[in-house]
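>>> one predicted model, sequence on top.
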Amino acid sequence: MDDHRLIWSALTMVLQQAGQQIVAVAASVDALAGTPDPDVVVCELHLPRGPSGTEAVRRLVGRGRRVLVMSGTTDPEMVLDAVEAGAGGFVEKSEDPDCFVTAVDAVGRDGFHVSARLAGYLLEDLRRRPLAVNDLGVRHLRVLRALARGDTAEEVCRDLTVSRADLAKLVTAALEAGRRRRRRYRPSPREREVMILLACEGLSRKEIADRLGIASWTVTSTLENLRGKYVRLHPEVARSIRPSAAALLWAMKLRLCERASAG
């Protein structure tokens with residue numbers, strides 16, 4: 001799914017030449033309704049209409065579709081959010097066309113395609129936001145590092161002396177760990193409530209406390225927690241950022257006000 005006709009014309013031709021059947025080309029998730037179920041949906045992260053990014057991936061995965069995301073502008077956080085939402089892989093638009101064929105084949109066959117770029121993102125995410133001391137084992141890390149170097153699945157299996165089935169298990173476990181890591185740092189339901197009331201309705205801490213029936217200090221604590229999560233997810237942001245400012249920025253990034261008004 002994408003709105004760039006030239007890219008999709010070229011990509012469609014390459015996939016068809018590789019023996020893939022294209023069942024539909026659409027510019028939005030909703031436009032796919034009623035089309036035959038494909039083995040893989042290749043989804044642009046920046047769709048011009050309807051849900052986009054993580055929400056688009058989540059809807060597609062919720063319909064039982066395997067999703068390979070692509071983008072021309074690589075935002076690591078957006079890519080990892082898409083993986084957390086259930087995407088099985090990521091490919092940059094600038095990649096060689098053969099890479100798309102390999103990725104589509106892999107997602108259709110194994111359910112995942114960890115490109116060198118995505119492997120690098122997963123390793124960096126692990127470094128910045130570990131789940132625990134043994135977030136991933138030594139074998140998982142060796143596989144991710146090999147993929148991040150650009151090694152193919154066949155090369156990884158040969159060099160690390162693992163079977164294709166074992167490699168699939170290791171990569172799947174690494175992706176699941178990445179998803180758990182993202183979920184750990186996402187806003188909780190209560191934190192989202194506070195963000196919406198602060199950013200979308202412009203309420204003060206006392207007004208938020210009154211609306212939610214909680215103490216003012218609870219709102220303050222919630223905002224402090226939000227700041228901690230936001231800074232961990234966005235290392236370019238100064239740790240000295242005010243809690244309310246972090247909550248406002250995160251609400252904008254998550255488009256909470258748009259979603260609240262639409263709901």
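Nice, thanks for sending it over.
>>> buried sites along stretch 235-247?
By neighbour count with 16 or more other Cβ atoms under 10 Å, stretch 235-247 contains the buried residues 237, 243-244, 246-247. In short, each C-beta sits where N, CA and C put it, glycine included.
>>> where do the strands sit along this protein?
Under the criterion DSSP state E, the chain contains strands at 40-44, 66-71, 89-92.
>>> which residues sit against the shortest one?
Right, strand 89-92. Strand 89-92 has contacts (Cβ atoms under 8 Å, 6 or more residues apart in numbering) with 68-72, 74, 79, 82-83, 99-100, 103, 106-107, 112-115, 117-118.
>>> that older thread, of all the buried residues of stretch 235-247, which two lie farthest apart?
Val237 and Ser244 (13.7 Å; Cβ to Cβ).
>>> hang on, the earlier thing: for Lys206, find the nearest of the strands of the chain.
Closest approach to Lys206 among these is made by strand 66-71 (42.0 Å; Cβ to Cβ).
>>> pairing partners for that closest one, with directions?
When pairing is defined by DSSP bridges, strand 66-71 lines up against strand 40-44 (parallel), strand 89-92 (parallel).
>>> turn those strands into JSON lines, columns for mean neighbour count and mean pLDDT.
Shown next, in JSON lines, are the strands paired with strand 66-71 (neighbours: other Cβ atoms under 10 Å; pLDDT from 0 to 100):
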{"stretch": "strand 40-44", "mean neighbour count": "23", "mean pLDDT": "87"}
{"stretch": "strand 89-92", "mean neighbour count": "23", "mean pLDDT": "90"}
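>>> could you report the distance from Pro38 to Ala132?
37 Å (Cβ to Cβ, to the nearest Å).
>>> again with Gly53
29 Å.
>>> next one: Arg149
26 Å.
>>> what's the answer for Ile208, then?
When Ile208 is compared with Ala132 (using Cβ to Cβ), they lie 33 Å apart.
>>> same question for Arg232.
Distance, Arg232 to Ala132, by Cβ to Cβ: 15 Å.
>>> repeat that for Ala247.
Ala247 sits 27 Å away from Ala132, going by Cβ to Cβ.
>>> any chance you could map the helices in the stretch 151-263 of the chain?
Secondary structure of the stretch 151-263 of the chain (DSSP state H, counting those that start in this stretch): helices at 153-160, 164-184, 189-199, 205-212, 216-233, 243-253, 256-262.
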